[in-house]
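Visitor: please work out how this folds:
(2 chains)
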Amino acid sequence: MDHDSAPFPPNAARPRRRGAGAYLLSACSDGESDDPNAPQAINWWHIQNTEPMLPVWAAMANEYKTAHSNVTFTIQPLENEAFKAKLTTATQAGDPPDLFQSWGGGVLKQQVDAGLVKDLTDDVKDLVAGILPAAMQPYTIDGKIYGIPFDIGMVGFWYNKELFTRAGVTETPTTWAGLLDVVRKLKTAGITPVALAGKDKWPAHFYWSYLAMRIGGVGALQKAVDDKNFDTPDLAAAGERLKELVDLQPFQKGFLGAEFGSPDGQAATMGNGKAAMELMGQWAPAVQASSSTSKKGIGDKLGFFPFPAVDGGKGSATEVFGGGNGFAVGKDAPAATIDFLKFLLSVDNQRRSAQTGAVLPTVKDATSAIADPNNKVVAETLAKNTGFQLYLDQAYAPALGQQINDSVAEIIAGKKAPAAILKDITQVAKTV
Amino acid sequence: MTRPSTVSDTRRGDTATDPPAPGPGTARKRGRQPRPGRGTVLAVFLAPALTLFLLLVVAPILVAAYASLYKWNGFGLPENFVGLDNYTRAFADPTFRGDLWRGLVLVVLSLAVQLPAALALAMLLNQPLRGRAFYRLIFFAPYVLSEVTTAVLFTLVFSPNRGLGEGVAQWLGADAGTVFADPDTVLFAVFLVVSWKYFGLYMMLFLAARQGIPKELSEAAVTDGATAWQAFRHVTLPLLGPTIRISVFLSVIGTIQLFDMVWVLTGGGPIHTSETLAVTMYQYGFRRFEVGYASAISMVMFLLSLVFALFYQRIVLRRDTAGAITNQGGQR
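Guide: Model (predicted):
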């Protein structure tokens, strides 16, 4: 309890609110000091809980431990949803892990406001200079850096070339009308056009968000949250365009109950060649492979095209919707944590991560290590971006992000008019 | 000091004309030699349990009641007092009102379908029947599984393309792969899974109660010319009363708090059509970080359960618990 004898590291974010009872539970910052040779235990939570990244993280931690005999690790690889639930409990008790997964954006901002994460700005200056600027955006809050991304990607259409050919589609669509045509052709050919995980909700919000960006321009979504008003003609049009797609009934059977990664979910449907396309991030090929029956996915039949433009819209097809994965550092983390984080982000280690195909590196000098052709396409598209928008359920405060997911799900299920959801979203936007 | 054996004869003699009143209440009368106060003994024995109860049950309820009056995201201390706004918001929210309606539907279904089915099976398995013990085991087995395991199991069974349910249904010319994906069927599908898991428990309770009824009673009824149905209706059923009443109680309370199964099976979807109060509470508390609002929902759940429990105890279970709780086994 006695912080005088165990001084906080100079940059530690101290609890900002007075009398925050939750901190009583965790205030015992035991003997962790700035002395680099003192024993330090790093508690690390990450969500790369499967091959190929799981052993890579473990190996890097081991190497660091070998080089720094005073550092020990407790590593908890967690499944995505389990991680979110567990982190919520830990942060609400005021006791975050030392190093943990963060997507940046609204959730990170809440953690920053509660004084749960360290301000890394001064410690990572050199590191950040080598990182893609778009990747840093979600982790920069009020000009200060609270996390470091190790992975950056974007959402786009992943499609099955063979099924496209079978339906007589020779070129990937560049406009929304063109996409709807492709869907009609696929349906006529008896092919399920689109795989979608309706139970998980977030995959559906990609459609609405991208349409909003293409129609209203890349700034439309940020403006809506700043104005606390989503009830605009552009966003209404986004819902109407989405409804056009939904009305074609393009999704696989039982999509409202489907999860993204389950054995009969969105990724498996694609990986087993049962649907022609999905709108998903850069991790799509890896999950398609791991959840397919063959464990290999559809291999080189898989292609990628960016979300098409919408006729008359203010946005262009080179603006990207995406995000990545990164790490934030807990308020009570020992000093070695930041050093270890820099180690993970070293060019060599970023190259190693990139070679697995599961990570798109954020360090510029590591991008040449991308071996997977699909990843290359994503990285190239991303490099040419003319605008960037972070996933809404990460960018916005959690209540608003979840409301958008819920509301878009209502359009997808055909249960609510596109204009009506804007009132629901605006109502939540006004309260957060 | 006070040994149980000394309680016996002298006291009985003293109070021969009074109704027998066993239990600690009477010990007071007989103290001639000084001894540690009854309060001390009570305090020593009660303290550990009471401390745990206060810490783990009463304190969280109080904290939730307090938090429900604030707009609070769970970080730091609640500071933004909003009075009863969270409650008015809840009762205006279609999802929350839907939760109440779906809860009612599930309760009615449980009482109208699940418990009668369990009762019927219990009666059947009370008959001399080849392989009776095996059937009892089979029907009880689902109850042993955890809710999450059960839910995962049924997710696989009703998986749209490769599920067992789909295979069977296609063979019957029906379509089972989308029961959890169709807003119109999902609640009934959830009820089916809940019933599958819990009917075995009620069946076991009914069976145990049935076996506690002396054979002579039904035999006497049959000798007097009662049909099997009449013997069941007028002899067995009334004697099963206490068990049935407690089963209804467990079933209703369990339904109000239903969470794990729904969460894993459907997550409350599609579009909230299988959401329960507990799922809504979780969504707001742990997804949207609206801990104040989630606390208000949990308080409504708590009050619903409490009010139901109190009234049910007071009115329906009065006869069954008389003697056990209400008057320490004194007069009837």
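Visitor: double-check that residue A:329 belongs to a strand.
Guide: Yes. Assessed by DSSP: H, G, I helix; E, B strand; the rest coil, residue A:329 belongs to a strand.
Visitor: for it, the count of nearby residues, please.
Guide: If you count neighbours by other C-beta atoms under 10 Å in any protein chain shown, residue A:329 ends up with 31. Every residue, glycine included, has its C-beta placed from N, CA and C.
Visitor: let me know the pLDDT of it.
Guide: pLDDT, residue A:329: 96.
Visitor: same check on residue B:284?
Guide: Listed pLDDT for residue B:284 reads 91.
Visitor: gap between it and chain A?
Guide: In this view, residue B:284 and chain A are 8 Å apart by C-beta to the nearest C-beta, to the nearest Å.
Visitor: residues contacting the residue lying closest to that residue once chain neighbours are set aside?
Guide: Nearest residue to residue B:284 in three dimensions, chain neighbours excluded: residue B:294, at 4.1 Å (C-beta to C-beta, 6 or more residues apart in numbering or on different chains). Taking C-beta atoms under 8 Å, 6 or more residues apart in numbering or on different chains, we find residue B:294 in contact with B:281, B:282, B:284, B:285, B:286.
Visitor: and the spatially closest residue to the fourth one that is not a sequence neighbour, what pLDDT?
Guide: Taking C-beta to C-beta, 6+ apart as the measure, residue B:285 lies nearest to residue B:294, with 3.2 Å between them; neighbours along the chain are not counted. The predicted structure scores residue B:294 at 94 on the pLDDT scale.
Visitor: go through stretch B:132-146 and flag the buried ones.
Guide: Within stretch B:132-146, the residues scored as buried using 16 or more other C-beta atoms under 10 Å in any protein chain shown are B:136, B:139, B:142, B:143.
Visitor: just how off-centre is stretch B:263-279 within its chain?
Guide: Computed by C-alpha atoms, centre = their mean, to the nearest Å, the chain-centroid distance of stretch B:263-279 equals 20 Å.
Visitor: tell me which residues in that stretch are buried?
Guide: Applying 16+ other C-beta under 10 Å to stretch B:263-279 flags B:263-279 as buried.
Visitor: swap in stretch B:303-311?
Guide: Quick answer for stretch B:303-311 (16+ other C-beta under 10 Å): residue B:304.
Visitor: what does whichever strand or helix holds residue A:377 rub up against?
Guide: Element membership for residue A:377, per DSSP states H and E: helix A:373-383. With contacts defined as C-beta under 8 Å, 6+ apart, helix A:373-383 is touched by A:132, A:134, A:152-154, A:156, A:158, A:282, A:285, A:300, A:302, A:304, A:306, A:320, A:322, A:354, A:357, A:360, A:367, A:370.
Visitor: out of those residues, which are buried?
Guide: A:132, A:134, A:152-154, A:156, A:158, A:282, A:285, A:302, A:304, A:306, A:320, A:322, A:354, A:357, A:360, A:367, A:370.
Visitor: okay, and which of these map to helices?
Guide: If you go by DSSP state H, the buried ones among the contacts of helix A:373-383 have A:134, A:285, A:354 in helices.
Visitor: which ones are touching the last one?
Guide: Counting by C-beta under 8 Å, 6+ apart, residue A:354 makes contact with A:360, A:361, A:366, A:367, A:369, A:370, A:371, A:375.
Visitor: please, where are all the helices along the stretch 51-200 of chain B?
Guide: Using DSSP state H, counting those that start in this stretch, the helices of the stretch 51-200 of chain B run over B:59-67, B:85-92, B:94-109, B:115-124, B:132-144, B:147-157, B:164-171, B:186-211.
Visitor: nearest to residue A:81, out of these?
Guide: Between residue A:81 and these, the shortest gap by C-beta to C-beta is with helix B:147-157, which sits at 13.0 Å.
Visitor: who are the packing partners of the closest one?
Guide: The contact analysis (3 or more C-beta pairs under 8 Å, 6 or more residues apart in numbering or on different chains; DSSP states H and E) places helix B:147-157 against helix B:164-171, helix B:186-211, helix B:260-265.
Visitor: quick one: which of the ones you listed is nearest chain A?
Guide: helix B:186-211 (7.7 Å; C-beta to the nearest C-beta).
Visitor: got the residues of the stretch 151-300 of chain B near chain A?
Guide: For the stretch 151-300 of chain B, the residues in contact with chain A (C-beta under 8 Å from any C-beta of the partner chain) are B:155-156, B:159-163, B:177-178, B:180-183, B:186, B:266-267, B:269-272, B:283, B:286-291.
Visitor: make it 7 Å
Guide: B:159-162, B:177-178, B:180-181, B:183, B:266-267, B:269-271, B:286-290 (C-beta under 7 Å from any C-beta of the partner chain).
Visitor: tell me the buried residues within those.
Guide: Judged by 16+ other C-beta under 10 Å, buried ones among those: B:159-160, B:177-178, B:180-181, B:183, B:266-267, B:269-271, B:286-290.
Visitor: what is the neighbour count of the residue of the stretch 51-200 of chain A found nearest chain B?
Guide: Sorted by distance to chain B under C-beta to the nearest C-beta, the residues of the stretch 51-200 of chain A start with residue A:114, at 3.4 Å. When neighbours are defined as other C-beta under 10 Å, residue A:114 has 24 of them.
Visitor: quick one: average confidence on stretch A:203-215?
Guide: Averaging pLDDT along stretch A:203-215 gives 94.
Visitor: is chain B contacted by it?
Guide: No. Under the criterion of C-beta under 7 Å from any C-beta, stretch A:203-215 makes no contact with chain B; the nearest approach is 11.0 Å.
Visitor: then that stretch to CSV, C-alphas only?
Guide: Presented in CSV, the C-alpha positions along stretch A:203-215 are these (Å, rounded to 0.1, in the frame of the first residue of the first chain):
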residue,chain,number,x,y,z
PRO,A,203,-20.1,-8.8,-39.3
ALA,A,204,-23.3,-7.2,-40.4
HIS,A,205,-22.4,-3.8,-39.2
PHE,A,206,-19.5,-3.8,-41.8
TYR,A,207,-22.1,-3.5,-44.6
TRP,A,208,-24.0,-0.6,-43.1
SER,A,209,-20.7,1.2,-42.1
TYR,A,210,-19.2,0.8,-45.5
LEU,A,211,-22.4,2.0,-47.2
ALA,A,212,-22.5,5.0,-44.9
MET,A,213,-18.8,5.8,-45.9
ARG,A,214,-19.4,5.4,-49.6
ILE,A,215,-22.6,7.5,-49.6
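Visitor: before we move on, back to that, what strand or helix carries the residue nearest to residue B:284?
Guide: Residue B:294 belongs to helix B:291-311, assigned by DSSP H and E.
Visitor: okay, the angle between that helix and helix B:94-109?
Guide: Orientation of helix B:291-311 against helix B:94-109 (axes from the mean of the first three to the mean of the last three C-alpha atoms, to 10 degrees) gives an angle of 30 degrees.
Visitor: report the distance from helix B:291-311 to the chain centre.
Guide: With C-alpha atoms, centre = their mean as the basis, helix B:291-311 stands 15 Å off its chain's centre.
Visitor: run a quick neighbour tally on residue B:107.
Guide: By other C-beta under 10 Å, 18 other residues sit near residue B:107.
Visitor: contacting residues for it?
Guide: B:252, B:255 (C-beta atoms under 7 Å, 6 or more residues apart in numbering or on different chains).
Visitor: okay, it and chain A: tell me how far apart.
Guide: Relative to chain A, residue B:107 is positioned 24 Å away (criterion: C-beta to the nearest C-beta).
Visitor: can you pull the pLDDT of that residue?
Guide: Looking at residue B:107, its pLDDT reads 94.
Visitor: contact residues of the stretch 301-432 of chain A facing chain B?
Guide: A:398, A:399, A:402, A:409, A:410, A:413, A:415.
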